[in-house]
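Visitor: When you get a sec, could you give me coordinates for this:
(6 chains, ligands or ions: 6)
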Amino acid sequence: MNLDLILSNILSPPILFFFMGVFSKAVRSDLTIPQPIPKLLSLYLLFAIGFKGGVELSHSGISTEIFLTLLVAVVMAAVTPLYSFLYLRRRLNIYDAGAVAATYGSISAVTFITAVSFLETVGIEFGGHMVAAMALMESPAIIVGVLLIRMNLKKEDQVGEGLGGVVKEAMTNGSVVMILGSLLIGVVVSEEHVVALQPFTDDIFKGVLTLFLLDMGLLAGKRLQALKRAGWRVVLFGIWLPLLNAVIGILIGYFLGLPAGNTLLLTVLLASASYIAVPAAIRMAVPEANPGLFVPMALAVTFPFNIIIGIPLYYQIIELLESL
Amino acid sequence: MNLDLILSNILSPPILFFFMGVFSKAVRSDLTIPQPIPKLLSLYLLFAIGFKGGVELSHSGISTEIFLTLLVAVVMAAVTPLYSFLYLRRRLNIYDAGAVAATYGSISAVTFITAVSFLETVGIEFGGHMVAAMALMESPAIIVGVLLIRMNLKKEDQVGEGLGGVVKEAMTNGSVVMILGSLLIGVVVSEEHVVALQPFTDDIFKGVLTLFLLDMGLLAGKRLQALKRAGWRVVLFGIWLPLLNAVIGILIGYFLGLPAGNTLLLTVLLASASYIAVPAAIRMAVPEANPGLFVPMALAVTFPFNIIIGIPLYYQIIELLESL
Amino acid sequence: MNLDLILSNILSPPILFFFMGVFSKAVRSDLTIPQPIPKLLSLYLLFAIGFKGGVELSHSGISTEIFLTLLVAVVMAAVTPLYSFLYLRRRLNIYDAGAVAATYGSISAVTFITAVSFLETVGIEFGGHMVAAMALMESPAIIVGVLLIRMNLKKEDQVGEGLGGVVKEAMTNGSVVMILGSLLIGVVVSEEHVVALQPFTDDIFKGVLTLFLLDMGLLAGKRLQALKRAGWRVVLFGIWLPLLNAVIGILIGYFLGLPAGNTLLLTVLLASASYIAVPAAIRMAVPEANPGLFVPMALAVTFPFNIIIGIPLYYQIIELLESL
Amino acid sequence: MKKVKRVEIITGAPHAQRVISLLESYEVGGYTLIHNVQGKGERGMRDGDGLSDAFENVMILVVCSGDKLEAFANDVSKLLKRFGGMFLVSDAHWVG
Amino acid sequence: MKKVKRVEIITGAPHAQRVISLLESYEVGGYTLIHNVQGKGERGMRDGDGLSDAFENVMILVVCSGDKLEAFANDVSKLLKRFGGMFLVSDAHWVG
Amino acid sequence: MKKVKRVEIITGAPHAQRVISLLESYEVGGYTLIHNVQGKGERGMRDGDGLSDAFENVMILVVCSGDKLEAFANDVSKLLKRFGGMFLVSDAHWVG
Ligand SMILES: Nc1ncnc2c1ncn2[C@@H]1O[C@H](COP(=O)(O)O)[C@@H](O)[C@H]1O
Ligand SMILES: Nc1ncnc2c1ncn2[C@@H]1O[C@H](COP(=O)(O)O)[C@@H](O)[C@H]1O
Ligand SMILES: Nc1ncnc2c1ncn2[C@@H]1O[C@H](COP(=O)(O)O)[C@@H](O)[C@H]1O
Ligand code: NA
Ligand code: NA
Ligand code: NA
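Guide: Ligands and ions are numbered 1, 2, ... in the order given. Now for the predicted structure:
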């Protein structure tokens, strides 16, 4: 395996600005990107990626392959928390185990977008339905995670809030609505409108992603400290679970005969962990869970691992398998 | 009359994202675009539309036709509140009647901008002075509305604040200054500067408008509920007054022999209602008026009506008349 | 000397929008650009200018000329506060004299960026290392200014905070990190990434600068009033010190044989005064200094003077000297 | 001038709506919200960072009579015990 | 430690400047402003939405002597009656 | 319900961290921060404008026992005398 791809990935502006953010926090610079700027950048990214995915989807149409991919994606989002919980249950309390499990079942849109940007750089195509897969994978893990916690609690510890509320919350999550909405709109609009939006949705996309990753670096740098208290076993989970899930993703792609671009994106979805939707939902549904644990794991361990090493590594394995 | 144009308008990204915003609120999604992001988007739109208008104006120069159009625009902005008030006076209290009257005399910049974007899609030109017309129409209605309220109040209910303050406020309103300032600057700068700004003022314009209409949809969706309390008569006023004013606008354009693009924009200005400048000014000058009435009417009835059905409808009538 | 260049500079959109901002405050319009929008615009500008500087630098490589220029820049940033303090010491208290001295030793990134934009308009090249010079000049003056204050205070007035803290603060300042980080990244990334970022870093650059200068105009307009209390001597200092430093910069450029573009940028750096980094640092280190003095001088006197008259004037002198 | 209770509640932003709904069910006369509030308490730092509002607090100010306070105090207290937060009461005068 | 009055005024953002001007005409020693405050009162919800600041509140905190308070209380009260808002006074100690 | 002191400190944003560090060195049980606070005092207007946070205030709310207050009052007071700011104490009840 050659390291060229990993190195060239590290030397791309988004990744370098991520490092710059981490470095800024390390030297205790006062560089910050105050709210709601990160919110604007992430709304833009969801809008652009959703819209472009929709346009692609309208070109490709819906095939059995697409349907299978979506199905597999959703199933994996629901199953990942199960085996994660089995492992974590012995090391953490029920609340934290459920929260971390949900975190890893769900996905990270920015990791996905970084992978898309990687594919564009290496010139590999991908299907617009992968954006739909991403959107569909955000919520199931939250529901499964909360269910796991409830089932494992003693009767007398059961509290508040019906499960219906949690499900509703998870499904109408802002980022889910933003991606699916933009996707649907991308499907229905005519080519001339797509072209008119291109300078906004395509041309400045990489620049916005770069600025956003600077903010992610600042956040990750800040969260790194919280990790020291979590213990190395938990930190390691943030590496090996993504690797395990990546292997599963790659194998699924291989046996379904998916094109390399789609396999990579599916792999990245399985391997990534949520630090936006899940924390928000879990704090609502399970306030007992310690956010000082599941957020830093997703943000300061798994996210950097995936965007720096994971994406090019997964891609090389996929290519290797394809060339067999 | 064919429905094609209306349908193709509905299927444009800005309108679709408006619907998406309304829908998000309907399903109680937590999707929000927090301040000051909408403020940034609207500053950008005013800047771009003002600047482009100025550039157009510097090409066309000032003719009698332009002068007449501006005059008509201002007069209509001052007259619309008069007949609106006459009708509303019997259904609402004086404060609310005056506030709604001012709302409909003034204009909605986003409706105007959506119409410009519509014209660009169908490939019809328009004069830069229409932007000036828009800017000039923002304030007069506010002053007339406040005057109407004062004249209809009994002596002993008269309160506070000289009319001078109201006038000053209305004239130095931030959005008026932004449009007129950008227009003037667009008039004086040389072609090479115009070209240098084009990627910012032109290329990404439609994308920003699309994102902004998503926010408008979220706002409209939220305000829809407030309307239930207002009663159907008032809601209907938010449809038929724009239609009446549209007819007036179309006839004026016809008799002045204005080109189709300019007639459409004039029509849209007459038919649109303010939900930014007027609420701010009225809350200052007439705090007794109920903002739960005049804002939802403009935002959740008239605005969607105009951008979804109005614009293509008015345009078809204008074309029909022209072809006679 | 002809006035054409000054006039054409005044008629460029960024300068005109600056005037518009000042004018808005003069007529007491409520036009505002609320935080963190200005923060976003300035982050963008630092990112873009840093990145582009880095790309240029990677093309040119590091020569003796570049090294000399950086050295001269840093030395001047440290020396300017010395002679400024000598003059100001007789007119202001020690705290204020030190604060103003630091203000004028440090630099204004927006003045620099406006000069870059000016060079692009007149079609003159400049070296990427000038961006590095800018970044290196931000901090030294702060340290020298604080040192001057401490050395001139009587023992018993000495207070708090070790100098180490001040130095650390000055070096890890957010804008310094942003410029230097972006510059370094610009140096290492490959051409294909540079091209992919161009729509973001280059195409919309002038538009963002224009919007940002509107905000600067609003701020300057607001600060103008504070100046009345400061007295004309101090106001004049805000003109003649930049002129003096400009002469020094032009002569340095002449004797080092620097190309016109680089000489202009060096000159502008010497002549400009800080209103972001220095106020923040001085408020931390020397809260006794009156921010109603040093901020308005930099923002409402020196900044407008430089961008309106200074830049084209300095440029003409540089050209004159070159043609000798 | 009327004697009133000045009730200050600080809780995580995701829970604000729950507290408000509870207060409204007791028909309080009004309330005031300050968003983007940060802080530190038993449940650690809430520094406002992050891409959702999960790590932000909200301050809720309710001015009401002592009777009203007694009515809702218990329920609010229970809610905050689970979701975290601070519940402070002081005396004030309503000028009106 | 000096006994002072802690005056809290909440009113719509468009009216804040009026209240402040009034307070300044009474030469209060200082004040503090918190913007983007939301709330509900007699005049319905002010949820901060919208594209102007028309539907937002501002909180104004003035710390002053009882005498000063008595001086401006009446005028501020009148203003708030027309424009809406809350006017709350409590006792505090100024440490300085 | 426990009797507590409600301590409100308003100071310039650049100095907030210093005050907080000081408070933490006294092991206060918690604190709340409100950013982007504007105001006017002895040191003139802080209108929040500008491109750094140099002209903005921060409000720090600390709820603690009277003993704890006495412990840190002197140090905080000294800090604020140099850096500017307001230091206000009132009585309240902690419901919990
Ligand atoms: N002693 C305190 N003084 C001021 N604010 C507090 C205090 N304790 C808690 N808070 C606020 O209440 C929030 C939630 O507290 P907790 O649930 O104890 O973590 C904290 O983030 C603080 O903003
Ligand atoms: N009882 C209350 N408790 C707390 N805040 C209140 C109360 N009543 C009114 N307010 C605040 O004052 C604002 C204006 O009140 P009003 O004029 O009564 O609508 C409201 O939007 C709230 O922010
Ligand atoms: N009398 C007062 N009432 C309310 N806030 C005050 C008062 N005095 C000072 N402040 C606040 O404390 C900050 C710093 O005060 P100073 O150091 O006196 O300028 C001001 O900007 C205000 O926000
Ligand atoms: Na996953
Ligand atoms: Na109208
Ligand atoms: Na300088």
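Visitor: and the lowest-mean-pLDDT helix or strand in chain A, which residues are buried?
Guide: Across the helices and strands of chain A, mean pLDDT, DSSP states H and E gives its lowest value to helix A:163-171, namely a mean of 81. Of the residues in helix A:163-171, those scored as buried under the neighbour-count criterion (16 or more other Cβ atoms under 10 Å in any protein chain shown) are A:V166, A:V167, A:E169, A:A170, A:M171. C-betas here are computed from N, CA, C, even on glycine.
Visitor: tell me the pLDDT at the nearest residue to A:L88 once chain neighbours are set aside?
Guide: Nearest in space to A:L88, with sequence neighbours left out and distances taken as Cβ to Cβ, 6 or more residues apart in numbering or on different chains, is A:A97 at 3.9 Å. Confidence per residue is given as pLDDT, and for A:A97 that number is 95.
Visitor: so how far is B:V188 from D:A13?
Guide: With distances taken as Cβ to Cβ, to the nearest Å, D:A13 is found 47 Å from B:V188.
Visitor: Give me the more crowded residue out of those two.
Guide: In terms of neighbours (other Cβ atoms under 10 Å in any protein chain shown), D:A13 is the more surrounded of D:A13 and B:V188; the figures are 20 against 14.
Visitor: Would you agree that one is in contact with D:A54?
Guide: Yes - with contact defined as Cβ atoms under 8 Å, D:A13 counts as touching D:A54 (7.4 Å).
Visitor: does A:L209 belong to a helix or a strand, and which?
Guide: Counting by DSSP states H and E, the element that carries A:L209 is helix A:205-228.
Visitor: so does that helix get close to chain C?
Guide: Yes - counting by Cβ under 8 Å from any Cβ of the partner chain, chain C is contacted by helix A:205-228 at A:K206, A:G207, A:V208, A:T210, A:L211, A:L214.
Visitor: Out of those residues, grab the one that's most surrounded.
Guide: Among the residues of helix A:205-228 next to chain C, A:L214 has more neighbours than the rest - 30 neighbours, counting by other Cβ under 10 Å.
Visitor: how about the nearest residue to D:T11 once chain neighbours are set aside, phi and psi?
Guide: In space, and not counting its chain neighbours, D:T11 is closest to D:G85: 3.3 Å by Cβ to Cβ, 6+ apart. For D:G85, the backbone dihedrals are phi 140, psi 180 (criterion: degrees, to the nearest 10).
Visitor: and D:G85, what does it touch?
Guide: D:I9, D:I10, D:T11, D:G12, D:H15, D:V19, D:G41, D:N57 (Cβ atoms under 8 Å, 6 or more residues apart in numbering or on different chains).
Visitor: Compute the distance between it and chain E, please.
Guide: In this view, D:G85 and chain E are 18 Å apart by Cβ to the nearest Cβ, to the nearest Å.
Visitor: for D:N74, same thing?
Guide: D:N74 is 22 Å from chain E, where distance means Cβ to the nearest Cβ.
Visitor: Tell me, how many residues neighbour that residue?
Guide: A count of neighbours around D:N74, defined by other Cβ under 10 Å, yields 10.
Visitor: Next up, identify which helix or strand it is on.
Guide: Using DSSP H and E, the secondary-structure element containing D:N74 is helix D:66-83.
Visitor: what's in contact with that helix?
Guide: A:159-160, A:287-288, D:3, D:5, D:7, D:9, D:11-12, D:15, D:18-19, D:22-23, D:26, D:28, D:86-87, D:89, F:95-96.
Visitor: what's near enough to touch A:Q35?
Guide: The contact partners of A:Q35, by Cβ under 8 Å, 6+ apart, come to B:P34, C:P36, D:N36, D:G48.
Visitor: hmm, 7 Å instead?
Guide: Under the criterion of Cβ atoms under 7 Å, 6 or more residues apart in numbering or on different chains, the contact list for A:Q35 reads D:G48.
Visitor: On the three-state scheme, it is what?
Guide: Classification of A:Q35 by DSSP: H, G, I helix; E, B strand; the rest coil places it in coil.
Visitor: Could you check how far it is from A:D203?
Guide: With distances defined as Cβ to Cβ, the gap from A:Q35 to A:D203 amounts to 26 Å.
Visitor: A:A246 now?
Guide: As judged by Cβ to Cβ, A:A246 and A:D203 stand 31 Å apart.
Visitor: Between these two, which is the more surrounded one?
Guide: Relative neighbour count places A:A246 above the other of A:A246 and A:D203, with 24 against 19, counting by other Cβ under 10 Å.
Visitor: ok so, going back, next step: the contacts of helix D:66-83 restricted to strands.
Guide: When those are checked against strands using DSSP state E, the ones located there are D:K3, D:K5, D:V7, D:I9, D:T11, D:G12, D:M86, D:F87, D:V89.
Visitor: Out of the residues you listed, which one has the lowest pLDDT?
Guide: By predicted confidence (pLDDT), the lowest-ranked of the ones in strands among the contacts of helix D:66-83 is D:G12, with 92.
Visitor: about what we covered before: possible to save the buried residues of helix A:163-171 as CSV with distance to chain C?
Guide: Conversion of the buried residues of helix A:163-171 to CSV gives the following (distance: Cβ to the nearest Cβ, whole Å):
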residue, distance to chain C
A:V166, 33
A:V167, 35
A:E169, 28
A:A170, 30
A:M171, 31
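Visitor: now for the strand or helix carrying D:Q38, which elements pack on it?
Guide: With elements delineated by DSSP H and E, D:Q38 resides in strand D:31-41, which encompasses its position. For strand D:31-41, the elements it packs on are strand D:57-64, strand E:31-41, strand F:31-41, judged by 3 or more Cβ pairs under 7 Å, 6 or more residues apart in numbering or on different chains; DSSP states H and E.
Visitor: The second one: what's the following helix or strand?
Guide: Think strand E:31-41. strand E:44-46.
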